[in-house]
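K.L.:
Build me a structure from this.
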Amino acid sequence: MRWTVAIAVSLLAGCDPVAPGAAGTVDLAANVDPASYEQLVMLIYENPSGELDLSELAEIPSTTMWTWLSEDLAEIAFPYDYGPTGGLGTSQYSDWRLVAWLTTGQELPDPLAPVTGDAYGTTPFEVLSCGLLFGGYCGVVEGVDVVIDEVVAR
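P.N.:
Predicted structure coming up:
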């Protein structure tokens, strides 16, 4: 309910961020050593196909995704609670995907996608309808948890 009120107030005020949002926890599988990396990068994007193709992440238009960067890995602990991110924007799609990855270096990767050697995890999630008044899909989806358990092949 609190997100519904925030969405309504924001839209009436003319504020429409780029995308719906997510909140949850990022955790690491036992085979992932955070000491090998420097930062956590997270991306949510419209994913109507339901498929994940890491090579296509760099091609996603900025109008259909929301990115954010956590603190330096030396300053956070896992499990890491995040969010809410985005949250007030609308989308024509209910199906979204979260990709979280650990990478080296202090700069955001360019293109924005995991590269060889990065550890990543992903999970799909569904954004709720905004209702008849606004149309589309919007809001913050809570409980979008992901485990970083894969490494991009060398």
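K.L.:
Show me what V141 bridges to in the sheet.
P.N.:
In this entry, V141 is beta-bridged to A22, by DSSP bridges.
K.L.:
Test my guess that it contacts I44.
P.N.:
No - using C-beta atoms under 8 Å, V141 makes no contact with I44, being 9.3 Å away. In short, each C-beta sits where N, CA and C put it, glycine included.
K.L.:
Who has more neighbours out of these two?
P.N.:
Counted by other C-beta atoms under 10 Å, V141 and I44 do not tie: I44 has more neighbours, with 26 against 22.
K.L.:
all strands of this structure, in order?
P.N.:
21-28, 39-46, 65-72, 80-82, 90-91, 95-103, 119-126, 137-138, 140-142, 146-148, 150-151 (DSSP state E).
K.L.:
between those, which has the poorest average model confidence?
P.N.:
Lowest mean pLDDT within those: strand 65-72, a mean of 70.
K.L.:
Neighbours of the residue nearest to N31 when sequence neighbours are not counted, how many?
P.N.:
Computed as C-beta to C-beta, 6 or more residues apart in numbering, the closest residue to N31 that is not its neighbour in sequence is D149, at 7.1 Å. Neighbours of D149 under the rule other C-beta under 10 Å: 15.
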